[in-house]
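Student: what shape does this take:
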Amino acid sequence: MKAWFGKIVGGALGLYAGGPVGLALGVLLGNAFDRTQQSQSKTLEGDRRGVLQTVFFQATFRVMGKLAKADGRVSEQEIHQAREVMTRMGLNEAQRLEAMRLFNEGKTPDYDIMPLLEELHEVIGRRSTLSQLFLELQLQSAYSDGALSANEQRIIQLICKALNINKLQFELIHQRIRAQAQFSRHGGSAAGRPRGPNLEQSYRVLGVDQKTSDADLKKAYRRLMSQHHPDKLVARGLPEEMMAIAKEKTQEIQQAYETVKSQRKLS
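Tutor: This is a model prediction of the structure:
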């Protein structure tokens, strides 16, 4: 509801009923009405965001568990990946225990992720950026052991279907996550410091190729940075615990862009 609606209606009714004095009284009453409505709206919005954050958190680790068990056996790499996500999120002990409980629940053979994904889609609504970020997190988990198996692909397809992520969107995200996984696995230098992605990987991280014009390259970079901006994602309902992961993604995108920009000698 508009913040001025009550004042206008109250003022008009007051003027009609009591002249200038009625106008003043009507505006005062209308202002009180507007403030009450704004307070209720903020409370409702806060409740909705809380529900979204809870569902997103629960879905992240349950689906991660489902992917880990997709091939019948949970590998050490997949367990490490789940714990790594918890560490990057900065979870306290109670939150880590809850995340592991959700992960273990998701990996039980008879656990059906579709109701959870449908609930996630409902609370996300039109926030497509959150849907795509959720897919990115699950793809990263699936690639933790180096490859995407047939069973993992089927689960990823269920995620895309439930969250209305079309084939083109999936391919662009998949290309970027696969490239990130490659340079993350091979990014260590002899001195133990991380190296950036090579040129080919950098193009894939940005979702473009070497034929892309400089102007389109910059557009792709700015779009990705906007989509993964931590403050924007939290404002849309991303759990604050995942802010660190969002920051890492922007750093990866920035690093890839700097690699391409340096090769092209862009300012």
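Student: continuing past the helix or strand where Arg154 lies, what's the next helix or strand?
Tutor: Secondary structure assignment for Arg154, by DSSP states H and E: helix 150-162. Note on helix 150-162: by DSSP H and E, the next helix or strand toward the C-terminus is helix 167-185.
Student: buried ones in that next one, by neighbour count?
Tutor: 169-170, 172-184 (16 or more other CB atoms under 10 Å). Where C-beta positions appear, they are placed from N, C-alpha and C, glycine not excepted.
Student: any stretches of the stretch 1-150 of the chain with poor pLDDT?
Tutor: Residue ranges of the stretch 1-150 of the chain with pLDDT under 70: 1-49.
Student: quick one, helices of the stretch 101-250 of the chain?
Tutor: Taking DSSP state H, counting those that start in this stretch as the test, the helices found in the stretch 101-250 of the chain are 114-124, 128-142, 150-162, 167-185, 199-206, 214-227, 230-235, 243-264.
Student: format those helices as TSV; extra columns: distance to Ala59.
Tutor: Listed next are the helices of the stretch 101-250 of the chain as TSV, based on distance: least, CB to CB, whole Å:
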stretch	distance to Ala59
helix 114-124	5
helix 128-142	7
helix 150-162	9
helix 167-185	17
helix 199-206	25
helix 214-227	19
helix 230-235	15
helix 243-264	15
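Student: closest to Met100 out of those helices?
Tutor: helix 128-142 (14.2 Å; CB to CB).
Student: helices or strands up against that closest one?
Tutor: Helices and strands touching helix 128-142, by 3 or more CB pairs under 8 Å, 6 or more residues apart in numbering; DSSP states H and E, are helix 5-68, helix 76-89, helix 114-124, helix 150-162, helix 167-185, helix 214-227, helix 230-235, helix 243-264.
Student: may I have that helix exported as PDB, CA atoms only?
Tutor: Output of helix 128-142 as PDB, limited to C-alpha atoms (Å, rounded to 0.1, in the frame of the first residue of the first chain):
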ATOM      1  CA  SER A 128      15.300 -16.100 -10.500                       C
ATOM      2  CA  THR A 129      18.800 -15.100  -9.300                       C
ATOM      3  CA  LEU A 130      18.300 -17.200  -6.200                       C
ATOM      4  CA  SER A 131      17.100 -20.200  -8.200                       C
ATOM      5  CA  GLN A 132      20.200 -20.000 -10.300                       C
ATOM      6  CA  LEU A 133      22.500 -19.600  -7.300                       C
ATOM      7  CA  PHE A 134      20.900 -22.700  -5.800                       C
ATOM      8  CA  LEU A 135      21.700 -24.600  -9.000                       C
ATOM      9  CA  GLU A 136      25.300 -23.300  -8.900                       C
ATOM     10  CA  LEU A 137      25.700 -24.600  -5.300                       C
ATOM     11  CA  GLN A 138      24.400 -28.100  -6.200                       C
ATOM     12  CA  LEU A 139      26.500 -28.300  -9.400                       C
ATOM     13  CA  GLN A 140      29.600 -27.400  -7.400                       C
ATOM     14  CA  SER A 141      28.700 -30.200  -5.000                       C
ATOM     15  CA  ALA A 142      28.200 -32.700  -7.800                       C
END
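Student: so Leu206 makes contact with Val260?
Tutor: Yes. Look at Leu206 against Val260 with CB atoms under 8 Å: they come within range, at 6.8 Å.
Student: spit out the residues that contact those two alike.
Tutor: Residues touching both Leu206 and Val260 by CB atoms under 8 Å, 6 or more residues apart in numbering: Leu217.
Student: give me the below-cutoff pLDDT ranges for the stretch 151-267 of the chain.
Tutor: 182-197, 236-242, 267.
Student: so which of the buried residues of helix 167-185 is the closest to Gly72?
Tutor: Of all the buried residues of helix 167-185, Gly72 sits closest to Ala181, with 21.9 Å by CB to CB.
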